[in-house]
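Undergrad: For reference, the sequence and a predicted model appear below.
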Amino acid sequence: MSISALKEKFNSLTLESENHWDYRGNNNSERDYVHGFCTYPAMMVPKMQREMLDVCLEHLQDTSLRLLDPFAGSGTILVEGMLRGLNIVGIDVNPLAILLCKAKTTILNPKTLQEKTSQLFTWITIHDKTPLHQFDGINKWFTKQAISDLSRIRAGIITEETVDYRRFFWASFCEVVRIVSNSRDCTYKLHIKEQKDIDAYAVDAIDLFKSTLQYNISKYNEFYSELRKRGHLKKDGLAYKGQVKIILGDSIAFLNHSKQKYSLVFTSPPYGDNHTTVSYGQYSIMPLRWINYQDIDEAVDDALLATLYEIDNQSLGGKSSNKALTPARKKVVKKSETLKAQLEQINNLASQQSNKIIAFYSDYDRFLDALSRKMKPDAISVWTLGNRKVAKQEIFMNKIMIELCEPYHMQLLTSFTRQILNKRMPKLNGYQGEEKGLQSTMTREHILIFVRSDSDNE
Ligand SMILES: C[S@@+](CC[C@H](N)C(=O)[O-])C[C@H]1O[C@@H](n2cnc3c(N)ncnc32)[C@H](O)[C@@H]1O
């Protein structure tokens, strides 16, 4: 399929039926296979990514290509890549994202998984007096009962000797920690519930863990069977045929040091800095404090988890020194007229907020620079974007992105917009003004498809 045929294919799908990409109707937002392991903010809709991926693969005609997601989150793209037998590379700065990516993409023996799960359940039933886990603030964020139950599950998981299986258990455990914590679920940020709501809450963490883990096992078994059916597992059924690379860290740093080049990139970047959009770090920190983070990745260090905010600081736009802002602004507005005009409008209303936008787009521009250097000629990249709001103004990331990409020889092939019917975002009555602003524009997603237009990259 030529580039023009690829464009034609996307355009015809978009025009085929009104709301083609909205996936209205039954089960269309279903998180099948391992997609539903543990909730993570702003997860992509698997069905949509799957359809777009198939169109791109038909165009590229290369079943052994390397698919990159530089903002991998919960691993939606990576899982879809495995279902197509591709080599996959996922990067994320958040250790919870890496745990989920690894738990979803590691091939386990289904029979052994069920046996080890039965052993774990038995251990938890017998050992009703395990030492209580401790960390700063534990008594604020968890009730006594929750601390006792979670400590028991945690102690049981640690008895499992194989790290791959422990990771599978931790991924189920993380969901339970989040649900039973005293933090409100109407926001991604940590906000303590009212005492009456804490007192009224009566979920049994152990029962919840058992049902969550059993559900995840049934979903994993579906995934495993499908991989096997499609011929993507090695003969013994204990390993994936392709390569799986999951990296904890900053995608700019990774891409700058990597020698690898990519012909296909699928991703959904953050909407802005985490502090004023989606606080992936705050969302993740409570589960992370309960688990043995050495089990996630050797690169997780104490400093990353020391405060409630460090993961968000390390994410795009998280660090902004006042000194660096002026040159950073000059550089990005030179590339994007849209950003320039929007910053001028916001500046008059909210300089603090415009600083956050500059810090984010400055990092984002460095990221695009690093990525474009690692793209093969004619590489295709597919971006799922959301426009946030600042001071009641929608920031048109979908337009800014096109302008920022141009100097990097990434040309827009086509784009379309879809309504989000079931994306997990904070409820409209959330407690954070910024999150409310995010919600009101996040009912739409913009899909942009670019092609690397020349071959003069290093
Ligand atoms: C919109 S989410 C991706 C969601 C994902 N597509 C899914 O389906 O779950 C954006 C992700 O970018 C990550 N991120 C932010 N800054 C980053 C950076 N500098 N390097 C790598 N990942 C980063 C966040 O931790 C977050 O997981």
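TA: Received, thanks.
Undergrad: got the buried residues for stretch 6-21?
TA: For stretch 6-21, a neighbour-count test (16 or more other Cβ atoms under 10 Å) marks L6, K7, K9, F10, T14, H20, W21 as buried. Using the backbone N, CA and C atoms, a C-beta is placed for each residue, glycine as well.
Undergrad: what number of residues lie near the closest residue to the ligand within the stretch 301-450 of the chain?
TA: Of all residues in the stretch 301-450 of the chain, S315 sits closest to the ligand, at 3.5 Å by Cβ to the nearest ligand atom. Using other Cβ atoms under 10 Å, S315 has 25 neighbouring residues.
Undergrad: Make 193 the starting number, not 1.
TA: New numbering, starting at 193: the last item is S507.
Undergrad: So it is in contact with G464, correct?
TA: No: counting by Cβ atoms under 8 Å, G464 is not a contact partner of S507; they are 10.2 Å apart.
Undergrad: interface residues of the protein facing the ligand?
TA: Contact residues (Cβ under 6 Å from any ligand atom) of the chain with the ligand: 232, 234-236, 263, 265-266, 268, 283-286, 289, 442-443, 460-462, 472, 507-508.
Undergrad: which ones among those are found in helices?
TA: Counting by DSSP state H, the part of the residues of the chain next to the ligand found in helices is T268, A289, S443, Y472.
Undergrad: Now do the contacts for the closest residue to the third one other than its chain neighbours.
TA: Nearest in space to S443, with sequence neighbours left out and distances taken as Cβ to Cβ, 6 or more residues apart in numbering, is P262 at 3.9 Å. Applying Cβ atoms under 8 Å, 6 or more residues apart in numbering to P262 gives the contacts I283, S443, F446, L447, V457, T459, P461, F559, L563.
Undergrad: would you list those in JSON lines and tack on neighbour count?
TA: Listed next are the contacts of P262 as JSON lines, based on neighbours: other Cβ atoms under 10 Å:
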{"residue": "I283", "neighbour count": "25"}
{"residue": "S443", "neighbour count": "24"}
{"residue": "F446", "neighbour count": "19"}
{"residue": "L447", "neighbour count": "23"}
{"residue": "V457", "neighbour count": "24"}
{"residue": "T459", "neighbour count": "22"}
{"residue": "P461", "neighbour count": "20"}
{"residue": "F559", "neighbour count": "20"}
{"residue": "L563", "neighbour count": "24"}
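Undergrad: neighbours around the residue in the stretch 243-392 of the chain that the ligand sits nearest to, how many?
TA: Minimum separation of the stretch 243-392 of the chain from the ligand (Cβ to the nearest ligand atom) falls at G265, amounting to 2.5 Å. As a burial measure, G265 scores 25 neighbours (other Cβ under 10 Å).
Undergrad: So the closest residue to it other than its chain neighbours versus L500, what's the distance?
TA: In space, G265 comes closest to A289 once its chain neighbours are excluded; the distance is 5.2 Å by Cβ to Cβ, 6+ apart. From A289 over to L500 the distance is 17 Å, taken as Cβ to Cβ, to the nearest Å.
Undergrad: more neighbours, the two?
TA: Shown here are A289 and L500; by other Cβ under 10 Å, A289 has more neighbours (25 against 17).
Undergrad: from what I can see that one touches S266, true?
TA: Yes: the criterion here is Cβ under 8 Å, and A289 meets it with S266 at 6.3 Å.
Undergrad: sorry, back to before: in terms of distance to the ligand, which of the buried residues of stretch 198-213 ranks first?
TA: W213 (15.7 Å).
Undergrad: show me the contacts for the closest one.
TA: L205, T206, M240, F608, R610, I639.
Undergrad: Could you confirm P569 falls within a strand?
TA: Yes: counting by DSSP: H, G, I helix; E, B strand; the rest coil, P569 is found in a strand.
Undergrad: can you give me how far stretch 486-501 is from the chain middle?
TA: Offset of stretch 486-501 from its chain centre (Cα atoms, centre = their mean, to the nearest Å): 17 Å.
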